[in-house]
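A.B. asks: only geometry, no sequence info:
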């Protein structure tokens, strides 16, 4: 009886070690895939600090996603997200296409910087769309099918010569659905492009709306000042 008990304990230990090694390799594979796809899409350095996978809870969490700014701009980052929650369909986990029921981002910071009439987020968005439309080399690893992506509570940190300083804009929630199919799926890079292009586009639009309003207000003040000076100017007899 004791021998059977020891054998069972030994098998359990082996199974736990095997599971730990599998998840560890999976974590590294996800990090490598996200960083590689990010570099291809954005043309800048991309870092993912850590991945926590809990197969029992059907969840994974990506931590510390940082996208470096475009060359020629001062801010070190263009995008920073502390945590991304993934709901995993375990029935598809060992297949060629892994289905994610939901990808949820409840916080995030984008850094919109304008220099000499050029906007960093516009450059990133152009690169993402160019990568999406172009030919992509076959990426190793599983493909993805994402049922729903949602980002809320995102902020756009604005810095521009036209806006006389910095400001912070709140983005409305953004939802993207049905990225990839169960039969084919999408690569990490294609997923990054499909999910982040609407976020970058919304941030760019928010910046341009803010800049347009600032310029309109400035022009209005100049006209009012000119009219006031004209009215207050001394009149000849």
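C.D. replies: It's in. Not measured: the values here are computed from a predicted model. Numbers count the residues shown, from 1 in each chain.
A.B. asks: Remind me which helix or strand the nearest residue in space to residue 54 that is not next to it in sequence belongs to.
C.D. replies: Closest residue in space to residue 54, ignoring its immediate chain neighbours: residue 60 at 7.0 Å, by C-beta to C-beta, 6 or more residues apart in numbering. In this view, the C-beta of every residue, glycine as well, is placed from N, C-alpha and C. According to DSSP states H and E, residue 60 maps onto strand 59-68.
A.B. asks: what's the average pLDDT for that strand?
C.D. replies: When pLDDT is averaged over strand 59-68, the result is 91.
A.B. asks: same check, this time on stretch 103-114
C.D. replies: For stretch 103-114, mean pLDDT rounds to 89.
A.B. asks: what's the answer for stretch 41-55, then?
C.D. replies: Confidence for stretch 41-55, expressed as mean pLDDT, is 88.
A.B. asks: Report the separation between the two terminal residues of that stretch.
C.D. replies: Start-to-end span of stretch 41-55 (C-alpha to C-alpha, to the nearest Å) is 29 Å.
A.B. asks: Check stretch 67-80 too.
C.D. replies: Start-to-end, stretch 67-80 (C-alpha to C-alpha) is 6 Å.
A.B. asks: ok, how many other residues are close to residue 128?
C.D. replies: 23 (other C-beta atoms under 10 Å).
A.B. asks: Tell me which other helices or strands the helix or strand containing it touches.
C.D. replies: Using DSSP H and E, residue 128 maps to helix 120-133. The helices and strands touching helix 120-133, judged by 3 or more C-beta pairs under 8 Å, 6 or more residues apart in numbering; DSSP states H and E, are helix 2-42, strand 77-88, strand 108-115, helix 188-232.
A.B. asks: weakest of the ones you listed in terms of mean pLDDT?
C.D. replies: Mean pLDDT is lowest for helix 2-42 among these, at a mean of 58.
A.B. asks: helices or strands up against the helix or strand just after it?
C.D. replies: Going down the chain from helix 2-42, the next helix or strand is strand 46-54, by DSSP H and E. Packing partners of strand 46-54 (3+ C-beta pairs under 8 Å, 6+ apart): helix 2-42, strand 59-68.
A.B. asks: and the angle from the helix holding residue 128 to strand 77-88?
C.D. replies: 50 degrees (axes from the mean of the first three to the mean of the last three C-alpha atoms, to 10 degrees).
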